[in-house]
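Student: Based on what follows, work out the 3D shape:
(one chain, ligands or ions: 1)
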Amino acid sequence: GIITVLSLVLAPIAQALTVGFSQIGSESGWRTAETQSIKSVAQQRGITLKFSDAQQKQENQIKAIRSFIAQRVDAIILAPVVETGWDQVLREAKRAHIPVFLVDRGVKVRDSNLYVTKIASDFVEEGRLAGAWLAGKTSGHCKIVELQGTVGSSAAIDRKKGFANIIDLFPRMSIIRSQSGDFTRSGGKNVMESFLKSENGGKTICAVYSHNDDMALGAIQAIQEAGLKPSKDILIISIDGVPDIFKAMMDGQTNATIELKSALGEPAFDAIKDYLAGKKLPKWIKTQGDLYLPDTAKAQYESRTAM
Ligand code: GYE
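Tutor: Numbers count the residues shown, from 1 in each chain. You can find the predicted model right below:
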């Protein structure tokens, strides 16, 4: 009857969602992979994606969210560059009845109802895992330099916290220098150069703990240019598990990486779909990653670059 005909005609219209995605930028290989995942899953599912690159600036993300609200999108995906300062704009989205889904980083807001859910890994746990690996590797005896991620980002704050939790348990382990390299390769290289200079050409440094792989790749270059062997003279552990770090591991230049899932397109759009279908979602949808060492680097590199 007429109802069946109508629902057949209307079904595809009802499904054609428009989603706004406010991305941080393209500071790392990991983030570029995340962007690709979200774009390609949107395309596969016939979702219209409005993409905005904030070039690392929160003010640009706030502008993007306001423009998504003005365009009356069905949902917003936000990868928040920093943790604080979101209350106002998220309240505006809430008032416009547009649900917000956080990906990869978290926010600190007074009212947790300002967003639906966060799809991200546990950065504190990643930091602890890195610390535990290093404690084992050095028998609890190591002077560490730390390359921090973007100042004020949940990823940098929590990776620092989790790592310190473990290091503090070992009286002969300490963080002798810690500075932000902004999650970029050039940032990691510059900061590492200054660490090497101030630490006797690197002779007093036992290990580098880098909040992401890209900064570690920059640090590897700086260590080599200083005439030392990365992974041997100075141990290196980082987080992300991008193909390039596995390549460096195959070449004997780094020791360990903790994988961070970048394929967030599927879980993000699943969450949006479930929410719009009236399902109740957990406040945090956790993604999980393992620690990888040189023994599996070749296999990991090949599986991540195979098309
Ligand atoms: O580790 C880093 C990136 O927010 C978890 O941001 C993410 C981090 C990731 O640029 O490479």
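
Student: Okay, now the sheet partners of the strand or helix carrying Ile176, with direction.
Tutor: In this structure, Ile176 sits in strand 173-180 according to DSSP states H and E. Strand 173-180 has its sheet partners listed here by DSSP bridges as strand 142-148 (parallel).

Student: got the contact list for the closest residue to Gly85 other than its chain neighbours?
Tutor: Excluding its sequence neighbours, the residue lying closest to Gly85 (C-beta to C-beta, 6 or more residues apart in numbering) is Gln58, at 6.0 Å. All C-beta atoms are positioned from the backbone trio N, CA, C, and that covers glycine. Counting by C-beta atoms under 8 Å, 6 or more residues apart in numbering, Gln58 touches Pro80, Val81, Val82, Gly85.

Student: got it, and Ile205?
Tutor: Ile205 is in contact with Lys143, Ile144, Val145, Ile176, Phe195, Leu196, Glu199, Ile234, counting by C-beta under 8 Å, 6+ apart.

Student: Repeat that for Asp233.
Tutor: Counted by C-beta under 8 Å, 6+ apart, Asp233 has contacts Gly202, Ile223.

Student: Which residue, neighbours along the chain excluded, lies closest to Gly20?
Tutor: Distance criterion C-beta to C-beta, 6+ apart; nearest residue to Gly20, sequence neighbours excluded, is Phe68 at 3.2 Å.

Student: Hmm, Ala96 and that neighbour touching each other?
Tutor: No: using C-beta atoms under 8 Å, Phe68 is not in contact with Ala96, being 9.3 Å away.

Student: that older thread, which of the contacts of Gln58 count as buried?
Tutor: Neighbour-count burial (16 or more other C-beta atoms under 10 Å) is assigned, among the contacts of Gln58, to Pro80, Val81, Val82, Gly85.

Student: Just name the closest of the residues you listed to Met250, please.
Tutor: Met250 has its nearest neighbour among those in Val81, at 32.2 Å by C-beta to C-beta.

Student: Need the three-state assignment for the closest one.
Tutor: Classification of Val81 by DSSP: H, G, I helix; E, B strand; the rest coil places it in coil.

Student: quick one: it and Ala54 touch, right?
Tutor: Yes: taking contacts as C-beta under 8 Å, Val81 lies within contact range of Ala54: 6.5 Å.

Student: For this structure, list the residues in contact with the ligand, please.
Tutor: 27-28, 30-31, 104-105, 155, 183, 212, 214, 239-240, 260 (C-beta under 6 Å from any ligand atom).

Student: Now the two most distant members of the residues you listed.
Tutor: The widest separation within the residues of the chain next to the ligand (C-beta to C-beta) is 15.8 Å, between Arg105 and Asp214.
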